[in-house]
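Participant: from the sequence below, what's the structure:
(one chain, ligands or ions: 1)
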Amino acid sequence: CVLRQRQERSPLQKLLDYLLKGLEKRDPQQFFAWPVTDHIAPGYSQIIHQPMDFSTMKQKIDENQYSSLNEYIEDFKLMCNNAMVYNHPETIYYKAAKKLLHVGVKMMSPDKLKPLHSVLT
Ligand SMILES: COc1ccc(C(=O)NC2CCC2)cc1-c1cc(C(C)=O)n2cccnc12
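Facilitator: The predicted structure follows:
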């Protein structure tokens, strides 16, 4: 097998890893940790055509698929919005998604990230 060289982590990858840990902490029940299956959510793949979850975001960070913080934030919003499309407003999943979206967008707002800017540039 080809030895996978430990790739150098770019500053962006380090920032995205750091933010992911912060977001995952706000999902203690791990509703967003793994892809939602049709088994646990009947008809999910017919309703949600662009699924997203934290494990997929982690994989995209590791494979350097994000070229900006905005692309990463788009995937985070996609994940939360999917849950608010598939689940009815009174469900625990809709409510968890709404809360997570609010907390996440605040956490990744420009004024929150400015202090990190000096570390990154
Ligand atoms: C990876 O997804 C999950 C993992 C675990 C659980 C879970 O522990 N559910 C128990 C809490 C009451 C059953 C739920 C989910 C889950 C996420 C979701 C989302 C995110 O829509 N979902 C929708 C309908 C049914 N289940 C789920």
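Participant: secondary structure element for Glu24?
Facilitator: Using DSSP states H and E, Glu24 falls within helix 11-25.
Participant: so is that helix next to the ligand?
Facilitator: No - in terms of CB under 6 Å from any ligand atom, no part of helix 11-25 sits within range of the ligand; the closest distance is 12.5 Å. Heads up, the C-betas are built off the backbone N, CA and C, glycines and all.
Participant: who in this protein is up against the ligand?
Facilitator: When proximity is defined as CB under 6 Å from any ligand atom, the chain approaches the ligand at 29-34, 36, 40-41, 83, 86-87, 93.
Participant: now, which of the residues you listed sits nearest Asp75?
Facilitator: Phe32 (11.4 Å; CB to CB).
Participant: now do the contacts for the closest one.
Facilitator: When contacts are counted by CB atoms under 8 Å, 6 or more residues apart in numbering, Phe32 is found next to 24, 53-54, 79-80, 83, 96-97, 100.
Participant: now do the SS call for it.
Facilitator: Under DSSP: H, G, I helix; E, B strand; the rest coil, the three-state class of Phe32 is coil.
Participant: now do Gln50
Facilitator: Gln50 - assigned by three-state DSSP - is coil.
Participant: what's the burial count for it?
Facilitator: By the measure other CB atoms under 10 Å, the count of residues near Gln50 is 9.
Participant: quick thing: my sequence starts at 16, can you match it?
Facilitator: Fine by me, first position is 16 from now on; the one you just mentioned is Gln65.
Participant: that one and Lys121: what is the separation?
Facilitator: Look at Gln65 and Lys121: by CB to CB, to the nearest Å, they are 24 Å apart.
Participant: which residues does the helix holding Glu39 contact?
Facilitator: Under CB under 8 Å, 6+ apart, the answer for helix 26-40 is 24, 47-48, 69, 72-73, 76-77, 79, 81-84, 87, 91, 115, 118-119, 122-123, 131, 134-136.
Participant: list only those of these flagged as buried.
Facilitator: Among these, those classed as buried by 16 or more other CB atoms under 10 Å are 47, 69, 72-73, 76, 81, 84, 87, 91, 115, 119, 123.
Participant: sounds good, over and out.
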